[in-house]
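Asker: let's see this in three dimensions:
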Amino acid sequence: MLNFLLSILVITTALFSQENVKIMTYNILEYSGSDSAIRNPYFRTVIRNTSPDILVIQEIHSQQALNGFLSNVMNAYGNIYTAGAFINGPDTDNGIFFKTSRFIFISNTRIPTAFRDINEFKLIHVNYPADTFRIFVVHLYPGSGITNENRRAAEVDSLRKYTSTLGTNNLYLVAGDFNITGSHEQAYIKLLQPGNGSFTDVLAPMPGIWDNPVYAAYHTMSSRTRSFGGGATGGLRNRFDMILPCPLMLSNARIIYIQNTMTAYGNDGNHYRDSINRRPNTVVADSIADALHYASDHIPVFASFKFGNPVGMHTMKTAPYNYELLQNYPNPFNGSTKFRFSIKHNQNFSIEDNIAGEHKTVLKIYNILGNEVATLIEQKLEPGTYELEWNGEDYPSGVYYYRLYAGDFAETRKMVLLK
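Answerer: This is a model prediction of the structure:
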(Lines give C-alpha, C1' and ligand atoms only; values in the text may rest on other atoms or scores of the structure.)
Protein backbone atom coordinates (compact mmCIF):
# COMPACT_ATOMS: atom_id res chain seq x y z
CA MET A 1 0.00 0.00 0.00
CA LEU A 2 2.00 3.03 1.19
CA ASN A 3 5.75 2.81 1.39
CA PHE A 4 8.01 5.77 1.99
CA LEU A 5 11.30 6.88 3.40
CA LEU A 6 11.31 10.23 5.18
CA SER A 7 14.48 12.29 5.46
CA ILE A 8 14.40 15.57 7.30
CA LEU A 9 16.33 18.82 7.04
CA VAL A 10 15.48 20.87 10.12
CA ILE A 11 17.10 23.49 12.35
CA THR A 12 16.77 21.39 15.51
CA THR A 13 15.30 18.10 16.73
CA ALA A 14 12.20 17.24 14.72
CA LEU A 15 8.77 16.89 16.26
CA PHE A 16 8.39 13.29 15.09
CA SER A 17 7.26 11.29 18.08
CA GLN A 18 8.24 7.66 18.39
CA GLU A 19 6.30 4.84 19.93
CA ASN A 20 7.35 1.38 21.02
CA VAL A 21 5.01 -1.43 19.99
CA LYS A 22 5.06 -4.92 21.49
CA ILE A 23 4.16 -7.69 19.02
CA MET A 24 3.49 -11.16 20.36
CA THR A 25 2.78 -14.57 18.82
CA TYR A 26 1.07 -17.37 20.74
CA ASN A 27 -0.12 -20.85 19.76
CA ILE A 28 -3.22 -21.22 21.96
CA LEU A 29 -3.62 -25.00 21.53
CA GLU A 30 -6.71 -26.04 19.61
CA TYR A 31 -8.80 -23.21 21.02
CA SER A 32 -12.50 -23.73 20.41
CA GLY A 33 -13.84 -22.02 23.50
CA SER A 34 -15.44 -25.23 24.77
CA ASP A 35 -13.11 -25.39 27.77
CA SER A 36 -13.05 -21.65 28.37
CA ALA A 37 -13.87 -21.95 32.06
CA ILE A 38 -10.72 -24.04 32.50
CA ARG A 39 -8.14 -22.25 30.34
CA ASN A 40 -9.35 -18.68 30.00
CA PRO A 41 -8.23 -17.65 33.51
CA TYR A 42 -4.70 -18.76 32.63
CA PHE A 43 -4.78 -16.94 29.29
CA ARG A 44 -6.00 -13.82 31.08
CA THR A 45 -3.02 -13.98 33.41
CA VAL A 46 -0.62 -14.22 30.48
CA ILE A 47 -2.21 -11.38 28.50
CA ARG A 48 -2.56 -9.10 31.49
CA ASN A 49 1.13 -9.48 32.34
CA THR A 50 2.46 -9.13 28.78
CA SER A 51 -0.01 -6.50 27.47
CA PRO A 52 0.89 -6.88 23.78
CA ASP A 53 -0.08 -4.10 21.40
CA ILE A 54 -0.57 -6.74 18.70
CA LEU A 55 -1.17 -10.43 19.37
CA VAL A 56 -1.24 -13.03 16.61
CA ILE A 57 -2.49 -16.50 17.47
CA GLN A 58 -2.47 -19.97 15.96
CA GLU A 59 -4.80 -22.96 16.43
CA ILE A 60 -8.05 -20.99 16.64
CA HIS A 61 -11.03 -23.02 15.40
CA SER A 62 -13.79 -20.63 14.39
CA GLN A 63 -15.15 -17.11 14.32
CA GLN A 64 -17.07 -17.97 17.48
CA ALA A 65 -13.89 -19.07 19.21
CA LEU A 66 -12.11 -15.87 18.11
CA ASN A 67 -14.98 -13.77 19.45
CA GLY A 68 -14.90 -15.71 22.71
CA PHE A 69 -11.16 -15.20 23.16
CA LEU A 70 -11.62 -11.49 22.46
CA SER A 71 -14.40 -11.10 25.02
CA ASN A 72 -13.23 -13.45 27.73
CA VAL A 73 -9.47 -12.99 27.53
CA MET A 74 -8.31 -9.92 25.62
CA ASN A 75 -11.05 -7.59 26.90
CA ALA A 76 -11.65 -9.24 30.27
CA TYR A 77 -10.38 -6.11 32.06
CA GLY A 78 -11.76 -3.45 29.74
CA ASN A 79 -12.57 -2.73 26.12
CA ILE A 80 -8.94 -2.57 24.97
CA TYR A 81 -8.58 -4.83 21.94
CA THR A 82 -10.19 -5.37 18.56
CA ALA A 83 -10.00 -8.56 16.50
CA GLY A 84 -9.04 -8.47 12.84
CA ALA A 85 -11.13 -10.17 10.17
CA PHE A 86 -11.18 -13.96 10.45
CA ILE A 87 -10.86 -16.40 7.54
CA ASN A 88 -12.00 -19.96 8.18
CA GLY A 89 -9.56 -22.07 6.20
CA PRO A 90 -8.55 -25.73 6.22
CA ASP A 91 -7.53 -27.26 9.56
CA THR A 92 -6.99 -24.71 12.36
CA ASP A 93 -6.60 -21.00 11.65
CA ASN A 94 -4.73 -17.85 12.59
CA GLY A 95 -6.07 -14.71 14.19
CA ILE A 96 -5.01 -11.24 15.27
CA PHE A 97 -5.91 -8.84 18.08
CA PHE A 98 -4.66 -5.27 18.42
CA LYS A 99 -5.09 -2.36 20.79
CA THR A 100 -7.90 -0.25 19.35
CA SER A 101 -6.29 2.99 20.50
CA ARG A 102 -3.11 2.30 18.52
CA PHE A 103 -3.95 0.48 15.30
CA ILE A 104 -6.41 0.43 12.44
CA PHE A 105 -7.09 -2.87 10.72
CA ILE A 106 -6.97 -2.96 6.90
CA SER A 107 -7.27 -6.53 5.70
CA ASN A 108 -6.68 -10.26 6.11
CA THR A 109 -5.41 -11.94 2.94
CA ARG A 110 -5.31 -15.73 2.62
CA ILE A 111 -2.16 -17.33 1.20
CA PRO A 112 -3.15 -20.95 0.59
CA THR A 113 -0.78 -23.88 1.02
CA ALA A 114 -1.27 -27.63 0.77
CA PHE A 115 -2.00 -27.88 4.51
CA ARG A 116 -2.90 -24.66 6.36
CA ASP A 117 -3.41 -21.09 5.26
CA ILE A 118 -0.80 -18.42 5.81
CA ASN A 119 -2.45 -15.09 6.60
CA GLU A 120 -1.27 -11.61 5.70
CA PHE A 121 -2.67 -9.10 8.18
CA LYS A 122 -2.32 -5.42 7.26
CA LEU A 123 -2.55 -2.66 9.85
CA ILE A 124 -1.80 1.05 10.17
CA HIS A 125 -0.64 2.76 13.35
CA VAL A 126 -3.02 5.62 14.15
CA ASN A 127 -0.15 8.08 14.57
CA TYR A 128 1.74 7.00 11.44
CA PRO A 129 -0.92 6.53 8.74
CA ALA A 130 1.57 6.46 5.88
CA ASP A 131 3.17 3.19 7.06
CA THR A 132 1.23 0.08 6.10
CA PHE A 133 2.52 -2.75 8.28
CA ARG A 134 2.19 -6.38 7.18
CA ILE A 135 2.28 -9.34 9.57
CA PHE A 136 2.39 -12.79 7.99
CA VAL A 137 1.18 -15.48 10.39
CA VAL A 138 2.13 -19.11 9.87
CA HIS A 139 1.46 -22.48 11.44
CA LEU A 140 3.64 -24.78 9.37
CA TYR A 141 3.23 -28.54 8.98
CA PRO A 142 4.23 -30.44 12.14
CA GLY A 143 6.34 -33.53 12.63
CA SER A 144 9.89 -34.75 12.28
CA GLY A 145 11.52 -36.50 9.32
CA ILE A 146 12.40 -35.44 5.82
CA THR A 147 8.84 -35.78 4.48
CA ASN A 148 7.47 -33.28 6.98
CA GLU A 149 10.47 -31.01 6.53
CA ASN A 150 9.75 -30.93 2.80
CA ARG A 151 6.12 -30.01 3.50
CA ARG A 152 7.24 -27.07 5.62
CA ALA A 153 9.66 -26.00 2.90
CA ALA A 154 6.83 -26.07 0.34
CA GLU A 155 4.71 -23.84 2.59
CA VAL A 156 7.58 -21.38 2.87
CA ASP A 157 7.87 -21.43 -0.94
CA SER A 158 4.27 -20.20 -1.08
CA LEU A 159 5.07 -17.43 1.36
CA ARG A 160 8.25 -16.32 -0.40
CA LYS A 161 6.48 -16.35 -3.76
CA TYR A 162 4.02 -13.87 -2.27
CA THR A 163 6.51 -11.67 -0.43
CA SER A 164 8.80 -11.51 -3.48
CA THR A 165 6.14 -9.35 -5.14
CA LEU A 166 6.36 -6.70 -2.41
CA GLY A 167 8.23 -3.49 -3.07
CA THR A 168 11.65 -3.00 -1.54
CA ASN A 169 10.34 -0.36 0.87
CA ASN A 170 7.56 -2.51 2.33
CA LEU A 171 7.70 -3.20 6.08
CA TYR A 172 6.68 -6.68 7.19
CA LEU A 173 7.46 -9.62 9.45
CA VAL A 174 6.43 -13.25 9.79
CA ALA A 175 5.39 -14.74 13.11
CA GLY A 176 3.84 -17.93 14.38
CA ASP A 177 4.46 -21.60 15.02
CA PHE A 178 7.00 -22.73 12.42
CA ASN A 179 7.53 -26.31 13.71
CA ILE A 180 11.11 -25.97 12.44
CA THR A 181 13.58 -28.17 14.31
CA GLY A 182 16.88 -26.53 13.39
CA SER A 183 18.95 -24.40 11.05
CA HIS A 184 19.40 -27.31 8.64
CA GLU A 185 15.77 -27.28 7.55
CA GLN A 186 15.03 -25.99 4.07
CA ALA A 187 12.04 -24.04 5.40
CA TYR A 188 14.36 -22.01 7.65
CA ILE A 189 16.99 -21.58 4.94
CA LYS A 190 14.37 -20.39 2.44
CA LEU A 191 12.90 -17.87 4.89
CA LEU A 192 16.32 -16.25 5.28
CA GLN A 193 17.40 -16.66 1.65
CA PRO A 194 18.54 -13.20 0.45
CA GLY A 195 16.37 -11.50 -2.10
CA ASN A 196 13.15 -9.57 -2.33
CA GLY A 197 10.70 -10.69 0.34
CA SER A 198 13.26 -12.26 2.69
CA PHE A 199 13.24 -12.39 6.49
CA THR A 200 15.90 -12.17 9.19
CA ASP A 201 16.47 -14.06 12.43
CA VAL A 202 17.70 -11.61 15.07
CA LEU A 203 18.87 -14.53 17.23
CA ALA A 204 21.02 -16.09 14.51
CA PRO A 205 23.38 -17.79 14.20
CA MET A 206 21.81 -20.80 15.92
CA PRO A 207 23.41 -23.70 14.02
CA GLY A 208 22.32 -27.30 14.28
CA ILE A 209 19.36 -28.97 15.95
CA TRP A 210 17.53 -26.64 18.36
CA ASP A 211 16.58 -29.41 20.79
CA ASN A 212 19.83 -28.71 22.57
CA PRO A 213 20.53 -27.38 26.09
CA VAL A 214 22.75 -24.71 24.52
CA TYR A 215 19.58 -23.10 23.17
CA ALA A 216 17.48 -23.64 26.31
CA ALA A 217 16.71 -19.95 26.80
CA TYR A 218 14.99 -19.75 23.39
CA HIS A 219 12.75 -22.82 23.57
CA THR A 220 9.00 -22.30 23.35
CA MET A 221 7.65 -25.85 23.04
CA SER A 222 6.55 -27.68 25.22
CA SER A 223 5.60 -25.97 28.48
CA ARG A 224 4.75 -29.26 30.23
CA THR A 225 6.01 -32.79 30.84
CA ARG A 226 2.72 -34.60 31.33
CA SER A 227 -0.38 -34.83 29.18
CA PHE A 228 -3.64 -33.09 30.07
CA GLY A 229 -6.19 -31.34 27.90
CA GLY A 230 -4.28 -32.24 24.73
CA GLY A 231 -1.03 -30.79 23.50
CA ALA A 232 2.56 -31.94 23.41
CA THR A 233 4.63 -33.02 26.38
CA GLY A 234 8.32 -33.45 27.04
CA GLY A 235 9.18 -30.07 28.53
CA LEU A 236 10.79 -27.06 26.88
CA ARG A 237 12.96 -28.45 24.12
CA ASN A 238 12.33 -26.73 20.79
CA ARG A 239 12.21 -23.28 19.27
CA PHE A 240 9.03 -23.60 17.21
CA ASP A 241 7.64 -20.09 17.81
CA MET A 242 9.43 -17.15 16.21
CA ILE A 243 9.13 -13.58 14.99
CA LEU A 244 11.25 -12.84 11.91
CA PRO A 245 11.28 -9.23 10.64
CA CYS A 246 12.24 -8.15 7.15
CA PRO A 247 15.85 -6.93 6.75
CA LEU A 248 14.74 -3.30 6.36
CA MET A 249 13.37 -3.31 9.91
CA LEU A 250 16.84 -3.92 11.33
CA SER A 251 18.31 -0.72 9.95
CA ASN A 252 17.12 2.62 8.65
CA ALA A 253 13.35 2.27 8.38
CA ARG A 254 10.28 4.01 9.76
CA ILE A 255 9.56 0.85 11.77
CA ILE A 256 12.57 -0.84 13.36
CA TYR A 257 13.19 -3.80 15.63
CA ILE A 258 14.48 -2.78 19.07
CA GLN A 259 17.60 -4.77 19.79
CA ASN A 260 17.55 -7.45 22.50
CA THR A 261 13.76 -7.44 22.97
CA MET A 262 13.05 -10.86 21.43
CA THR A 263 11.71 -12.84 24.38
CA ALA A 264 10.37 -16.34 24.96
CA TYR A 265 8.08 -15.27 27.77
CA GLY A 266 8.66 -17.11 31.01
CA ASN A 267 11.67 -19.08 29.82
CA ASP A 268 14.57 -18.50 32.19
CA GLY A 269 16.85 -20.99 30.42
CA ASN A 270 16.74 -23.39 33.36
CA HIS A 271 13.86 -25.63 32.27
CA TYR A 272 15.29 -27.67 29.43
CA ARG A 273 13.03 -30.70 28.94
CA ASP A 274 11.16 -29.67 32.06
CA SER A 275 7.82 -28.01 32.85
CA ILE A 276 8.02 -24.24 32.83
CA ASN A 277 6.37 -24.03 36.25
CA ARG A 278 8.88 -26.23 38.07
CA ARG A 279 10.03 -24.09 40.97
CA PRO A 280 11.87 -21.86 40.85
CA ASN A 281 11.23 -19.88 37.67
CA THR A 282 13.60 -16.92 37.91
CA VAL A 283 11.97 -14.59 35.37
CA VAL A 284 8.23 -14.71 36.15
CA ALA A 285 6.12 -15.16 39.25
CA ASP A 286 4.89 -18.65 40.12
CA SER A 287 1.33 -17.66 39.17
CA ILE A 288 2.49 -16.68 35.68
CA ALA A 289 4.57 -19.83 35.25
CA ASP A 290 1.51 -21.86 36.24
CA ALA A 291 -0.64 -19.94 33.76
CA LEU A 292 1.83 -20.61 30.94
CA HIS A 293 1.88 -24.29 31.91
CA TYR A 294 -1.88 -24.81 32.00
CA ALA A 295 -3.00 -22.49 29.17
CA SER A 296 -1.14 -24.06 26.24
CA ASP A 297 1.69 -26.39 25.28
CA HIS A 298 3.49 -23.37 23.76
CA ILE A 299 4.76 -20.24 25.46
CA PRO A 300 4.41 -16.89 23.69
CA VAL A 301 7.22 -14.95 22.02
CA PHE A 302 7.24 -11.17 21.85
CA ALA A 303 9.48 -8.41 20.54
CA SER A 304 9.32 -4.61 20.52
CA PHE A 305 9.42 -2.34 17.49
CA LYS A 306 9.83 1.40 17.25
CA PHE A 307 7.28 3.15 15.04
CA GLY A 308 7.83 6.62 13.61
CA ASN A 309 11.59 6.39 13.43
CA PRO A 310 12.93 9.57 11.72
CA VAL A 311 15.63 8.49 9.31
CA GLY A 312 18.29 10.40 7.42
CA MET A 313 18.19 13.42 9.74
CA HIS A 314 20.36 16.39 8.78
CA THR A 315 20.78 19.97 10.01
CA MET A 316 20.37 23.39 8.38
CA LYS A 317 21.57 26.67 9.83
CA THR A 318 18.41 28.59 9.03
CA ALA A 319 14.76 27.82 8.48
CA PRO A 320 12.86 29.13 5.44
CA TYR A 321 10.67 32.23 5.65
CA ASN A 322 8.22 30.95 3.01
CA TYR A 323 6.09 27.94 2.36
CA GLU A 324 7.14 26.06 -0.75
CA LEU A 325 6.20 22.83 -2.54
CA LEU A 326 8.71 21.81 -5.20
CA GLN A 327 8.14 19.57 -8.20
CA ASN A 328 8.65 15.91 -7.45
CA TYR A 329 11.73 14.25 -8.93
CA PRO A 330 12.09 12.27 -11.03
CA ASN A 331 8.95 13.11 -12.97
CA PRO A 332 7.69 11.11 -14.79
CA PHE A 333 8.77 8.23 -12.54
CA ASN A 334 8.69 4.45 -12.47
CA GLY A 335 8.49 3.06 -8.95
CA SER A 336 9.45 5.78 -6.52
CA THR A 337 9.70 9.56 -6.54
CA LYS A 338 10.75 12.24 -4.04
CA PHE A 339 8.95 15.31 -2.73
CA ARG A 340 10.50 18.34 -1.09
CA PHE A 341 8.64 21.07 0.74
CA SER A 342 9.39 23.89 3.17
CA ILE A 343 7.51 25.06 6.24
CA LYS A 344 8.21 28.72 6.87
CA HIS A 345 9.60 30.31 10.00
CA ASN A 346 7.18 32.77 11.56
CA GLN A 347 8.56 35.07 14.24
CA ASN A 348 5.12 35.28 15.83
CA PHE A 349 4.67 31.52 15.87
CA SER A 350 6.61 29.39 18.34
CA ILE A 351 7.40 25.71 18.40
CA GLU A 352 5.44 25.53 21.66
CA ASP A 353 2.38 26.86 19.80
CA ASN A 354 2.72 24.07 17.26
CA ILE A 355 2.98 21.39 19.91
CA ALA A 356 -0.07 22.69 21.76
CA GLY A 357 -2.22 23.45 18.72
CA GLU A 358 -3.49 21.70 15.65
CA HIS A 359 -1.01 23.15 13.17
CA LYS A 360 -0.52 20.00 11.14
CA THR A 361 1.30 19.67 7.86
CA VAL A 362 -0.52 17.40 5.42
CA LEU A 363 0.71 15.99 2.13
CA LYS A 364 -1.76 13.89 0.15
CA ILE A 365 -1.82 12.20 -3.27
CA TYR A 366 -4.90 12.12 -5.51
CA ASN A 367 -5.66 10.31 -8.74
CA ILE A 368 -6.87 12.05 -11.90
CA LEU A 369 -10.50 11.71 -10.71
CA GLY A 370 -9.70 13.64 -7.55
CA ASN A 371 -9.91 10.60 -5.26
CA GLU A 372 -7.41 10.49 -2.43
CA VAL A 373 -5.07 7.50 -2.80
CA ALA A 374 -2.39 8.19 -0.18
CA THR A 375 -1.63 10.34 2.85
CA LEU A 376 2.14 10.71 3.06
CA ILE A 377 2.30 12.89 6.12
CA GLU A 378 -0.19 14.33 8.59
CA GLN A 379 1.47 15.67 11.71
CA LYS A 380 2.96 18.70 13.41
CA LEU A 381 6.34 19.82 12.08
CA GLU A 382 8.86 22.45 13.00
CA PRO A 383 9.76 25.10 10.44
CA GLY A 384 12.26 23.55 8.06
CA THR A 385 12.77 21.81 4.74
CA TYR A 386 11.62 18.22 4.40
CA GLU A 387 12.10 15.53 1.82
CA LEU A 388 10.29 12.24 1.54
CA GLU A 389 10.16 9.38 -0.90
CA TRP A 390 6.95 7.65 -2.04
CA ASN A 391 6.88 4.20 -3.62
CA GLY A 392 4.11 3.95 -6.23
CA GLU A 393 4.74 0.31 -7.17
CA ASP A 394 1.26 -0.72 -5.99
CA TYR A 395 -0.53 1.93 -8.07
CA PRO A 396 -1.48 1.95 -11.78
CA SER A 397 0.23 4.16 -14.36
CA GLY A 398 -1.34 7.53 -14.90
CA VAL A 399 -1.54 11.17 -13.88
CA TYR A 400 -1.58 11.96 -10.15
CA TYR A 401 -1.68 15.15 -8.11
CA TYR A 402 -0.01 15.85 -4.80
CA ARG A 403 -1.19 18.64 -2.50
CA LEU A 404 0.45 20.25 0.51
CA TYR A 405 -1.52 21.89 3.31
CA ALA A 406 0.47 23.83 5.92
CA GLY A 407 -0.78 26.74 8.00
CA ASP A 408 -2.66 29.02 5.62
CA PHE A 409 -0.75 27.58 2.63
CA ALA A 410 -2.03 25.05 0.09
CA GLU A 411 -0.52 24.09 -3.26
CA THR A 412 -1.07 21.29 -5.79
CA ARG A 413 1.33 19.89 -8.39
CA LYS A 414 0.98 17.21 -11.07
CA MET A 415 3.11 14.10 -11.58
CA VAL A 416 3.08 11.12 -13.89
CA LEU A 417 3.63 7.47 -12.95
CA LEU A 418 4.84 5.31 -15.83
CA LYS A 419 5.31 1.55 -15.67
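Asker: domain-wise, how is this structure divided?
Answerer: 17-307, 311-417 (automatic domain parsing).
Asker: if you compare these, which one is most tucked away?
Answerer: A comparison of those by mean neighbour count, using mean count of other CB atoms under 10 Å, puts domain 17-307 on top with a mean of 19. Yep, even glycine has a C-beta here, placed from its N, CA and C like the rest.
Asker: what mean pLDDT would you report for that domain?
Answerer: Per-region confidence: domain 17-307 scores 95 on mean pLDDT.
Asker: starting at the chain centroid, how far to it?
Answerer: 11 Å (CA atoms, centre = their mean, to the nearest Å).
Asker: name the element the closest residue to residue 217 other than its chain neighbours belongs to?
Answerer: Nearest non-adjacent residue to residue 217, counting by CB to CB, 6 or more residues apart in numbering: residue 269, 3.5 Å away. Following DSSP states H and E, there is no helix or strand that holds residue 269.
Asker: doesn't residue 216 make contact with residue 269?
Answerer: Yes. At 4.8 Å, residue 269 counts as touching residue 216 under the criterion of CB atoms under 8 Å.
Asker: other residues contacting stretch 29-39?
Answerer: Defining contact as CB atoms under 8 Å, 6 or more residues apart in numbering, one finds that stretch 29-39 is touched by 57, 59-62, 64-65, 68-69, 72, 92, 229-231, 294-298.
Asker: 10 Å - rerun?
Answerer: Residues outside stretch 29-39 that contact it (CB atoms under 10 Å, 6 or more residues apart in numbering): 28, 40, 43, 57-62, 64-69, 71-73, 92, 95, 223, 228-232, 291, 294-298.
Asker: can you classify the residue most central in space within the chain as helix, strand or coil?
Answerer: In the chain, the centroid-proximal residue (CA atoms, centre = their mean) is residue 135; its distance is 4.9 Å. Assigned with DSSP: H, G, I helix; E, B strand; the rest coil, residue 135 falls in the strand class.
Asker: surely it meets residue 122?
Answerer: Yes. In this structure, residue 135 is within contact of residue 122 by CB atoms under 10 Å, at 8.0 Å.
Asker: mind listing the helices for this protein?
Answerer: Counting by DSSP state H, one finds helices in the chain at the ranges 36-50, 63-69, 146-163, 186-192, 286-295, 351-356.
Asker: pLDDT on the last one, on average?
Answerer: This points to helix 351-356. Mean predicted confidence for helix 351-356 is 38.
Asker: leaving out the residues flanking it, which one is nearest to residue 327?
Answerer: residue 413 (5.9 Å).
Asker: name whatever forms a beta bridge with the one you found.
Answerer: residue 402 (DSSP bridges).
Asker: what's the spacing between it and residue 399?
Answerer: 11 Å (CB to CB, to the nearest Å).
Asker: now do the shared contacts for residue 269 and residue 216.
Answerer: With contacts defined as CB under 10 Å, 6+ apart, the residues adjacent to both residue 269 and residue 216 are residue 236.
Asker: partner residues bridging the residue nearest to the centre of the chain?
Answerer: residue 121, residue 173.
Asker: show me the contacts for it.
Answerer: 23, 25, 54, 56, 84, 94, 96, 98, 119-123, 172-176, 243.
Asker: how about residue 153?
Answerer: Counting by CB under 10 Å, 6+ apart, the residues that residue 153 touches are 140-141, 180, 185-191.
Asker: and which of those is nearest to residue 261?
Answerer: residue 191 (20.1 Å; CB to CB).
Asker: nearest residue to that closest one in space, please, no chain neighbours.
Answerer: residue 199 is the one closest to residue 191 (CB to CB, 6+ apart), at 4.9 Å.
Asker: separation between the one you found and residue 53?
Answerer: Distance from residue 199 to residue 53, counting by CB to CB: 21 Å.
Asker: also residue 365?
Answerer: Residue 365 is 28 Å from residue 53, by CB to CB.
Asker: next, residue 211: phi, psi?
Answerer: Main-chain dihedrals, residue 211, degrees, to the nearest 10: phi -80, psi 80.
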